[in-house]
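In: sequence below, structure please.
(chains A, B, C and D)
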There are 2 protein chains.
Amino acid sequence: MASPTWTIAQIAREFGVSHRTVRYYEDKGLITPERRGTARVFHPRDHVRLALILRGKRLGFPLDEIRRIVDMYDEQPGEAGQLTYLLGQIDDRRAELEERRRDVEAALAELEELERRCHDDLRRLRADAPRERARDSR
Amino acid sequence: MASPTWTIAQIAREFGVSHRTVRYYEDKGLITPERRGTARVFHPRDHVRLALILRGKRLGFPLDEIRRIVDMYDEQPGEAGQLTYLLGQIDDRRAELEERRRDVEAALAELEELERRCHDDLRRLRADAPRERARDSR
DNA sequence: CGACCACTTGACGTTGACGTCAACGTAAAG
DNA sequence: CTTTACGTTGACGTCAACGTCAAGTGGTCG
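Out: I've put the predicted structure just below:
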């Protein structure tokens, strides 16, 4: 019933980052763990945000932009002006993500082309090798 | 017939980077322009490499790894050992790229989910607004 | 010839994203 | 009650990826 909580060590270990990294993200306003005395208590909300942050990092986005992205996810419905503004932001992010997708697809395609060439070269080597061995043993 | 060449200013402007950036990539061994006297002359090979480098950057790879990637593309067929090593490298890069692709897909999916919720909220607002105006004008 | 480019090499500065170390609190366990 | 483990706040260090001068070189145009 009660939603789970994490200490800094637990959540850092789960995501494979240092506790320094977690603190840095808090400094930059990317996560806002509760304070119980001086100690940090991480809630599911922080857990979700950290996952989003790290995915953003894998995609090469700077932390500033990552914050704008994760902030989009907990804006309140608010008024119409804010909503249309948010929709504009969403469009911008999507454009970027679609460019990333094109980059990934292109890179994968070229990589597979290269792999085919490698396999070809390897087959050619194996076909030539016997003749060389015959010549060398003369 | 003669393949095209570029000056540093031309190639930098074409790719939208500073000439300092191009020099930095040369220092790091990512590109190797010809020298005519002291001046750099960029050939199609450098042009291709620069495109690969910038795509790698958009995908968030560090320059060190990008160099390993672009270097893969002009290894000579060489001997069988090198080829199988290269095939292993290719597999590693592909695994990374496929993770990036999963990240992009997940991010896009969540973004579109968020967009749907926004549109819902907006429709709800527009449905409620007339009643509010009627009430306000009483 | 001189002025004006575009290009060059250092060398130091900057920024983002942390690493690292010192010094200190606190709560449970032996 | 001390040790041990985990937590905290500074503060400085570091590394990649450039930015930004300063000062010089080489070709071309008028």
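In: near DNA strand C, which residues of chain A?
Out: Residues of chain A lying close to DNA strand C (Cβ under 7 Å from any atom of the strand) are A:17-18, A:20-21, A:24, A:28, A:37-38, A:57, A:62-64. (Each C-beta comes from the backbone N, C-alpha and C, glycine too.)
In: how far does the strand or helix carrying residue A:111 sit from the chain's center?
Out: If you go by DSSP states H and E, residue A:111 is part of helix A:80-136. Relative to the chain's own centre, helix A:80-136 is displaced by 18 Å; criterion: Cα atoms, centre = their mean, to the nearest Å.
In: helices and strands around it, which ones?
Out: Here helix A:80-136 touches helix A:63-72, helix B:44-58, helix B:80-136, going by 3 or more Cβ pairs under 8 Å, 6 or more residues apart in numbering or on different chains; DSSP states H and E.
In: quick one: mean pLDDT for the longest one?
Out: So the one you mean is helix B:80-136. Regarding helix B:80-136, the rounded mean pLDDT is 89.
In: tell me what angle that helix forms with helix A:44-58.
Out: Interaxial angle of helix B:80-136 relative to helix A:44-58 (axes from the mean of the first three to the mean of the last three Cα atoms, to 10 degrees): 130 degrees.
In: name the nearest residue to the residue most central in space within chain A, sequence neighbours excluded.
Out: Of all residues in chain A, the one closest to the mean position by Cα atoms, centre = their mean is residue A:55, 2.5 Å from it. Leaving aside its sequence neighbours, residue A:55 sits nearest to residue B:103 (Cβ to Cβ, 6 or more residues apart in numbering or on different chains; 5.1 Å).
In: quick one, phi/psi of residue A:36?
Out: Main-chain dihedrals, residue A:36, degrees, to the nearest 10: phi -110, psi 100.
In: next one: residue A:42
Out: Backbone torsions for residue A:42, taken as degrees, to the nearest 10, come to phi -100, psi 130.
In: one more: residue A:33?
Out: phi -60, psi 150.
In: repeat that for residue A:61.
Out: phi -80, psi 140.
In: thought it was touching residue B:58?
Out: No - using Cβ atoms under 8 Å, residue A:61 is not in contact with residue B:58; the gap is 10.4 Å.
In: comparing the two, which residue is more hemmed in?
Out: Using other Cβ atoms under 10 Å in any protein chain shown, the more surrounded residue of residue A:61 and residue B:58 is residue A:61, with 21 against 17.
In: contacting residues for that one?
Out: A:69, B:60 (Cβ atoms under 8 Å, 6 or more residues apart in numbering or on different chains).
In: how about a cut-off of 7 Å?
Out: Not one residue lies near residue A:61 by Cβ atoms under 7 Å, 6 or more residues apart in numbering or on different chains.
In: what's the burial count for the residue nearest to residue A:55?
Out: For residue B:103, the count of nearby residues is 21 (other Cβ under 10 Å).
In: and if you look at residue A:72?
Out: Residue A:72 is flanked by 15 other residues according to other Cβ under 10 Å.
In: local confidence estimate at it?
Out: Residue A:72 carries a pLDDT value of 94.
In: could you report the separation of it from chain B?
Out: Residue A:72 sits 7 Å away from chain B, going by Cβ to the nearest Cβ, to the nearest Å.
In: do I have it right that that residue meets residue A:91?
Out: No - Residue A:72 is not in contact with residue A:91 according to Cβ atoms under 7 Å; the separation is 11.5 Å.
In: how about the nearest residue to whichever residue of chain A sits closest to chain B, chain neighbours excluded?
Out: Closest to chain B within chain A is residue A:60: 2.0 Å, counting by Cβ to the nearest Cβ. Once flanking residues are discounted, residue A:60 sits nearest to residue B:60: 2.0 Å by Cβ to Cβ, 6+ apart.
In: endpoints of stretch A:56-66, how far apart?
Out: 6 Å (Cα to Cα, to the nearest Å).
In: list the buried residues of it.
Out: Within stretch A:56-66, the residues that count as buried by 16 or more other Cβ atoms under 10 Å in any protein chain shown are A:56-61, A:66.
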